[in-house]
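In: structure for this input, please:
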Amino acid sequence: MFNGVLHSTNLYDSDEMVGYRERAASLCLKQGNDEQVLLVTSSRDPNCWVIPGGGIEPNEDTSAAARREAFEEAGVRGNTEACLGNFIDTERKLRTCVFILRVNEELDDWEDSSRIGRRRHWFSLQEARAALLELKASQAYYIDSLVQHFASAKRVNATESDKSEESKK
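Out: As a prediction, the model looks like this:
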């Protein structure tokens, strides 16, 4: 079970953040479908599912790292959209910047599928959250943040639509 503390903040200049490993991850979504997310099997346990992500290379932009990790681990290409935040796992000393990635290409064969037999699968958001709780409980929070992001976007769109309707009157 995850016992760390997660924060969605961009402030990391305090002394307690020294020594944290910088990571980037992608919540991979199909084009035009916000209801399914792509998970990959863990490199440590082929029966457990995780979100594609990993370390940021020197001089690499975080969104580029998120795209690279999705390509290496899941064999998908796409465009990064919103950054959902920086999530801090105090237990494992990780700081992960999580992006939404809209998949526009799925390769039949990719590096990790050939090298370590990694698999990928599209899950509903609810199924993905449940699968992540088995091995990477900290990553289940990424799904929660995605749901909150979509809910906020819907509220903003509804408010703008209401304002537009009122201006027509």
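In: can you give me the pLDDT of the residue lying closest to Ser63 once chain neighbours are set aside?
Out: Once flanking residues are discounted, Ser63 sits nearest to Thr80: 4.4 Å by Cβ to Cβ, 6 or more residues apart in numbering. All C-beta spots, glycine's among them, are computed from the backbone N, C-alpha and C. Confidence at Thr80, expressed as pLDDT, is 96.
In: quick one: the helices in the protein?
Out: Counting by DSSP state H, one finds helices in the chain at the ranges 62-74, 111-116, 125-135, 137-168.
In: packing partners of the second one?
Out: Packed against helix 111-116, as judged by 3 or more Cβ pairs under 8 Å, 6 or more residues apart in numbering; DSSP states H and E, are the following elements: helix 62-74.
In: run through who's touching the helix it packs on.
Out: 22-26, 28, 38, 40, 52-57, 60, 76-78, 80, 83, 97-99, 101, 103, 110-112, 118, 120 (Cβ atoms under 8 Å, 6 or more residues apart in numbering).
In: what is the mean pLDDT for it?
Out: Average pLDDT, helix 62-74: 98.
In: compute the number of surrounding residues for His149.
Out: The tally of other residues near His149 (other Cβ atoms under 10 Å) stands at 18.
In: what's near enough to touch it?
Out: 82, 84, 100.
In: just name the closest of those to Leu132, please.
Out: Using Cβ to Cβ, Leu84 is the member of the contacts of His149 that sits closest to Leu132, with 14.4 Å.
In: before we move on, the earlier item: weed out the non-buried ones from the contacts of His149.
Out: For these, a burial check counting by 16 or more other Cβ atoms under 10 Å picks out 84, 100.
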